[in-house]
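Asker: Next one to model:
(one chain, ligands or ions: 1)
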Amino acid sequence: MSQGIKIKNLINGEWLFPEWCDVVPLYNPSTGEQIGVVPLSTPEISNQAVEAAAAAYPSWRATPLPKRMDYIFKIYNAMKENLEDLAQAIALDQAKHISEARGEVSRVIEIVQMACSIPTLMQGETIQGIAHNINGRVIKAPLGVFCGVAPFNFPALVFGWFIPVAIGTGNTFVYKPSSESPLFMQKMMQLLIDIGLPDGVVNVVHGEREVVESWYDNDDVAGVCLVGSTPTAKAIAEGCGRNGKKSMLLGGAKNFLLAMEDAPMDLLIENILMSGYGSAGQRCLAVSNIAVVPEIYDEFMERLVEASKKITIGNALNPDIDMGPVISQKAVDRIHNYIEIGLTEGATLILDGRNPNVLGENKNGYYVGPTIFTDVTPCMRIAKEEIFGPVLSIIKVGCIDSTLELIKEHKLGNGACIFTQNTFYTEKFINEADVGMIGVNVGICAPHPFLPFGGIKGSLVGNNKVQGKDAVDFFTQNKTSTIRIVNPKDESATTTTPNNSGVRSCVAS
Ligand code: NAD
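Answerer: Numbers count the residues shown, from 1 in each chain. Okay, the predicted model is just below:
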């Protein structure tokens, strides 16, 4: 039987399928059909990719900035021209609803637009006259080879977060997509070849953790970045820390939404449907715990359950359905297990997404329908742990303060939203919610590409965030120089002058 699409590595501009490696099957989660195979590349293959990136680095770094920017502009144009093709790839193997897949590619195009500002974002600083004839200057220099690892749920976005900024600032790159959603990068890398990006500047290696672990003690690797679960982020932090490498590690999430008594109800329900069930709940900014004050609780529950029951489920490529499948049978099993846990813990299952009604001929796909628990308390596992599926936990809360306390106590701190029309509540929530990204009357609080994206606490291991100046800071290093201006015609410049003490103190400190 044919194995379908053979997902290939791209090393030094060459597409390669390592026939001798083990493979994992690639499925279409909407139908459960196998559509291809993904190689489990060995550390040796990963090292070859790093070698290619290291070899490409000197001339790429020396490429004048406007010329490097030419390539970033070409990536922008190529993505715009091929938006539909790229979105179809995401809707096929990651089974993100086609309209959301288009949204993801559109967002990446905006991120590439941000990367077109690198000539401004990577400007350094100078200070003139720190002593007589002495100036200070900081330049932001590239570091060499960066390596990146992606989760299954945002194959395009994570490419956008890492690669345009890394290469725009003069580094070269090795990227490992998730083996559950590699198709986007096959298309994207062909676009990079088509625009004429020099060989070795971006390389792709498919596989699992062995690929990543081979980077830690490779002297050519300057840093590693990941978007993934918190345990993976911690494992990579350890490997990088041991070997003195930079790392930028975005981890898991469990996001709160607080509905106050003056929440605009239509907007609230519409945003919860989008945020809770979009991508079948497999988003790091998906709302998961919903805190509701007593004044609106009954009306809110009635409206939410009624709207949730109307969500249609089916093939992610069908634009007429609302929600596609989750990524795998393993994910279905994990979500079902959490539903059992919720029941055992004493929560009330008022909408059960197990065995949902699936439209069309997609019975073997990996579907879970909208699921709602009420009577949830903060110490239950369904309120504490990341379920990563379309499961909402409703918590009755007394006021804004008690919700802020719940958010503070939670180990993860990616995003949180408040729905209110009251300025006092708004400002208090912005000031006190212990998370990295905040939404006000916005269900998915994804910051614009010019602003930093990332959580705090367990949702971010280390300090570095993606997007904007933060990303430029990660992919560059500050180099500070102290420059004495010597006039070759002025012989006294080499002898002691009245200003010499100023010079000495400046140089010594
Ligand atoms: P995952 O952590 O299982 O895998 C992510 C990537 O890391 C994969 O490419 C995988 O092959 C690799 N990997 C797994 N274990 C590893 C290890 N021990 N060492 C090195 N590499 C390893 O995550 P996933 O299931 O693919 O994605 C879902 C997770 O990603 C969720 O926790 C979600 O919240 C998180 N996520 C976070 C953000 C964010 O912005 N914070 C965005 C998207 C997804």
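
Asker: I figured P370 hits I272, correct?
Answerer: No - with contact defined as Cβ atoms under 8 Å, P370 does not count as touching I272 (10.1 Å). Just so you know, the C-beta spots here come from the backbone N, C-alpha and C atoms, and that holds for glycine as well.

Asker: Can you spell out the domain ranges of this structure, please?
Answerer: 43-251+459-481, 255-448 (automatic domain parsing).

Asker: possible to save those as JSON lines with distance to the ligand, mean pLDDT and mean neighbour count?
Answerer: Converted to JSON lines, the domains of the chain look like this (distance: least, Cβ to the nearest ligand atom, whole Å; pLDDT from 0 to 100; neighbours: other Cβ atoms under 10 Å):
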{"stretch": "domain 43-251+459-481", "distance to the ligand": "3", "mean pLDDT": "98", "mean neighbour count": "20"}
{"stretch": "domain 255-448", "distance to the ligand": "3", "mean pLDDT": "97", "mean neighbour count": "19"}
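
Asker: Rebuild these as TSV, extending it with distance to I35.
Answerer: Supplementary listing: those in TSV, determined by distance: least, Cβ to Cβ, whole Å:
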stretch	distance to I35
domain 43-251+459-481	7
domain 255-448	12
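
Asker: how about those, which one is nearest G36?
Answerer: Each of the domains of the chain has some distance to G36 by Cβ to Cβ; the shortest is domain 43-251+459-481, at 7.9 Å.

Asker: end-to-end on that closest one?
Answerer: One end of domain 43-251+459-481 sits 39 Å from the other (Cα to Cα, to the nearest Å).

Asker: Now do the helix or strand containing S393: everything it contacts.
Answerer: Using DSSP states H and E, S393 maps to strand 391-396. Contacts with strand 391-396, where a contact means Cβ atoms under 8 Å, 6 or more residues apart in numbering, come from 272, 276, 281, 287-292, 294, 297, 301, 304, 335, 338-339, 342, 347, 353, 368, 370-378, 380, 382-383, 406.

Asker: what does stretch 190-197 give?
Answerer: By Cβ under 8 Å, 6+ apart, the list of residues contacting stretch 190-197 reads 10, 13, 71, 74-75, 78-79, 82, 167, 202.

Asker: on that earlier part again, so which of the contacts of strand 391-396 sit within helices?
Answerer: Among those, the members found in helices (DSSP state H) are 272, 276, 294, 297, 301, 304, 335, 338-339, 342, 382-383, 406.

Asker: by contact count, what packs against the host helix or strand of E44?
Answerer: Following DSSP H and E, the helix or strand that holds E44 is helix 43-62. If contacts are counted by 3 or more Cβ pairs under 8 Å, 6 or more residues apart in numbering; DSSP states H and E, helix 43-62 sits against strand 9-11, strand 145-149, strand 172-176, strand 202-204, helix 209-216.

Asker: quick check: angle from that helix to helix 209-216?
Answerer: Angle, helix 43-62 to helix 209-216, by axes from the mean of the first three to the mean of the last three Cα atoms, to 10 degrees: 50 degrees.

Asker: centre of the chain versus helix 43-62, how much separation?
Answerer: 24 Å (Cα atoms, centre = their mean, to the nearest Å).

Asker: Show me what secondary structure element comes after that helix.
Answerer: Counting by DSSP H and E, what follows helix 43-62 is helix 65-81.

Asker: Thank you, goodbye.
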